[in-house]
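Chemist: pasting the sequence and the predicted coordinates here, then a few questions.
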Amino acid sequence: IQKAESWLRQTSPNNVLTAAALLMFSLEDTANSAKQKQNDCLKLIRAAQTSDGGWGPYADSPPEVFDTAVILLALAELKNRSEVEAAIQRGRKFLAKEQQPDGSWPETTRPSGGESYAQRLSTTGWATLALLATR
């Protein structure tokens with residue numbers, strides 16, 4: 001655990017998923033640098049949110065359900081902040097728009113556009129968790 005914490009403290013948010021993971025960690029971290037890490041992560045997350053409310057894996061990527069769900073889970077602990085609440089609501093709208101008629105969400109694959117039942121189940125699970133955490 002100490003090695004993981006050390007690595008997380010030294011890592012910078014260079015993509016959306018890393019920013020989400022570091023934000024989750026920094027909210028529980030007691031190190032002096034945790035507040036700056038939170039600010040760095042939130043800056044990247046705000047900049048990466050697309051016009052339709054979702055997030056992709058990188059700031060210049062199209063939004064995907066999985067990435068949006070993970071970001072929403074990271075933001076859930078900060079949902080009482082007005083600037084975060086607005087981002088959460090936009091992300092939730094993106095997820096609602098992407099939900100398929102059968103209740104699932106399209107799978108997020110790398111590269112995008114692939115088909116995988118297992119990944120559809122996984123993406124649907126992440127989206128559901130994100131919506132529950134941010135309600």
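Modeler: In hand now; what should we look at? Numbers count the residues shown, from 1 in each chain.
Chemist: grab the most central residue of the protein for me.
Modeler: By Cα atoms, centre = their mean, the chain has its centre lying nearest to residue 71, at 1.3 Å.
Chemist: and that residue, how far is that from residue 130?
Modeler: To residue 130, residue 71 is 8 Å away according to Cβ to Cβ, to the nearest Å. In this view, the C-beta of every residue, glycine as well, is placed from N, C-alpha and C.
Chemist: relative to residue 97, how far out is the closest residue to residue 15 other than its chain neighbours?
Modeler: Spatial nearest neighbour of residue 15, chain neighbours left out: residue 58 (5.2 Å); criterion: Cβ to Cβ, 6 or more residues apart in numbering. Remark: distance between residue 58 and residue 97 (Cβ to Cβ) = 21 Å.
Chemist: of the two, who's got more company?
Modeler: Each of residue 58 and residue 97 has its neighbours counted (other Cβ atoms under 10 Å); residue 58 has more, 14 against 10.
Chemist: residue contacts, that one?
Modeler: Counting by Cβ atoms under 8 Å, 6 or more residues apart in numbering, residue 58 makes contact with 15, 16, 48.
Chemist: tell me if it really is in a helix.
Modeler: No: secondary structure of residue 58 (DSSP: H, G, I helix; E, B strand; the rest coil): coil, not part of a helix.
Chemist: give me the pLDDT for it.
Modeler: The score at residue 58 is 95. That number is its pLDDT.
Chemist: overlap in contacts, residue 71 and residue 130.
Modeler: Residues touching both residue 71 and residue 130 (Cβ under 8 Å, 6+ apart): residue 91.
Chemist: residue ranges with poor pLDDT in this protein?
Modeler: Scanning the chain for pLDDT under 70 picks out nothing.
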